[in-house]
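Chemist: pasting a predicted model and its sequence here:
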Amino acid sequence: MENVLLITNVVLAVILVILILFQKSEGGALGIGVSQDNFMFSRTAGDFFTKATAVVATLFIICSLSLTILSRGELEPEGSVIDKIEENLDEVPKIPDNNN
């Protein structure tokens, strides 16, 4: 199951990159030199690539979350990190006192 989701996730990532690269550049340089009226009313509802990108991005996020949930199920709690450090401190050899 994880392998299928992992392959699906990689394929969705590649498709997402391709869809983003195919989209028409809207320019504007982050709104520099574009009036607020032009920005608000010149946008359309979106073309095929915009809608397809939204769908593929949503599927990618769902697939990534499901991979995370599946992989968390295999993890077993092994105790606190602080407990492990304290156990390792007992195994460290002690420095002998100087007999001067």
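Modeler: Looks like it arrived, so ask away.
Chemist: out of the helices and strands in this protein, which is least certain?
Modeler: In the chain, the helix or strand scored least confidently by mean pLDDT, DSSP states H and E is helix 36-41, which has a mean of 50.
Chemist: show me what the longest helix seen in the chain is packed against.
Modeler: Longest helix in the chain by number of residues, with DSSP state H as the criterion: helix 48-73. Packing partners of helix 48-73 (3 or more CB pairs under 8 Å, 6 or more residues apart in numbering; DSSP states H and E): helix 2-22. All C-beta atoms are positioned from the backbone trio N, CA, C, and that covers glycine.
Chemist: list of residues touching the helix it packs on?
Modeler: 49, 52-53, 56-57, 59-60, 63-64, 66-67, 70-71 (CB atoms under 8 Å, 6 or more residues apart in numbering).
Chemist: try it again with 6 Å
Modeler: 49, 52-53, 56-57, 59-60, 63, 66-67, 70 (CB atoms under 6 Å, 6 or more residues apart in numbering).
Chemist: which of these are buried? Put it as a PyMOL command.
Modeler: The buried subset of those, as determined by 16 or more other CB atoms under 10 Å, is captured in PyMOL by this line:
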select buried, resi 52+53+56+60+63+67
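Chemist: lowest-confidence entry in the contacts of helix 2-22?
Modeler: The lowest pLDDT within the contacts of helix 2-22 belongs to F49, which sits at 85.
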